[in-house]
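J.: Sharing a model that was predicted from the sequence below.
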Amino acid sequence: MKRPLIGISPSFSDDRYFKLYETYCTFVQRAGGEALILPFGFESFSILDGLVLSGGGDVDGSLGGYENSSVVDGISPARDAFEMKLFAAAFQRNLPILGICRGHQLINVALQGTLHRDIHEAGFQEEHQIGSKGMHAIKTAEGTLARSLFGETAEVWSTHHQAVRETGKGLIATAWSPEGVVEAIEHENGCILGLQTHPERMDFMGAFLWLVEKCRS
């Protein structure tokens, strides 16, 4: 059986290098897909069977429905522009799309949703920039893809300070932290999943298996 070709968007560092945590590719391969890291300027969208929008710096406030400030970090106008174009091309073709952390937020913004500039600024007390220090709890909605992947509750790894505020067109929130930070979004077309957590750093294959299987079907 042909292995679906899954494009993965990388970060772009100040020293002129593309950067991507290697397990994005490893997990796509383990799930049965072929991983292709997409350089900025890539336009051969028709060869892709699916898309992963990876983690990274903040989405620009002019796109995310908030004003930039000193709490905003890592904005890359070039990356924002490329990933918005990439998402639009994949969405038009109804390709399966998995957004992780920043990618989850970018999907929401691309569909005209908004973001919290900073969850503590917005009144949440929870710590979500946990990284290697530990995990935090989430609860999923019944009958959703998030429920099928994580169960009713789960512990997840995260490192973020922004979050989905209002969901974009066709999107619904399907998982939340104990205080109500949106942890997953899904599109009504059944082909888009956004996760605020980092499954590629949890050794959690479920989201990648879903993506590859969706590409095949």
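T.: Okay, I see it.
J.: Quick one: residues contacting the closest residue to Gly41 other than its chain neighbours.
T.: Nearest residue to Gly41 in three dimensions, chain neighbours excluded: Phe82, at 7.2 Å (C-beta to C-beta, 6 or more residues apart in numbering). In short, each C-beta sits where N, CA and C put it, glycine included. Residues near Phe82 by C-beta atoms under 8 Å, 6 or more residues apart in numbering: Ser9, Phe40, Gly41, Phe42.
J.: what's across from Leu195 in the sheet?
T.: Listed by DSSP bridges, the beta-bridge partners for Leu195 are Ile100, Ala184.
J.: for the protein, what's the longest helix?
T.: For the chain, the longest helix by residue count, based on DSSP state H, is helix 77-92.
J.: for Gly32, what are its contacts?
T.: For Gly32, the contact set (C-beta under 8 Å, 6+ apart) comprises Arg3, Pro4, Leu209, Val212, Glu213, Arg216.
J.: Helices - which of those land there?
T.: Within these, residues falling in helices by DSSP H are Leu209, Val212, Glu213, Arg216.
J.: any idea how far the least confident helix or strand in the chain by mean pLDDT is from the chain center?
T.: When the helices and strands of the chain are compared on mean pLDDT, DSSP states H and E, strand 11-12 comes out lowest with a mean of 86. Relative to its chain's centre, strand 11-12 lies at 15 Å (C-alpha atoms, centre = their mean, to the nearest Å).
J.: Same question for stretch 17-30.
T.: With C-alpha atoms, centre = their mean, you get 14 Å for stretch 17-30.
J.: How about it, which residues are buried there?
T.: Within stretch 17-30, the residues that count as buried by 16 or more other C-beta atoms under 10 Å are Leu20, Tyr21, Thr23, Tyr24, Cys25, Phe27, Val28.
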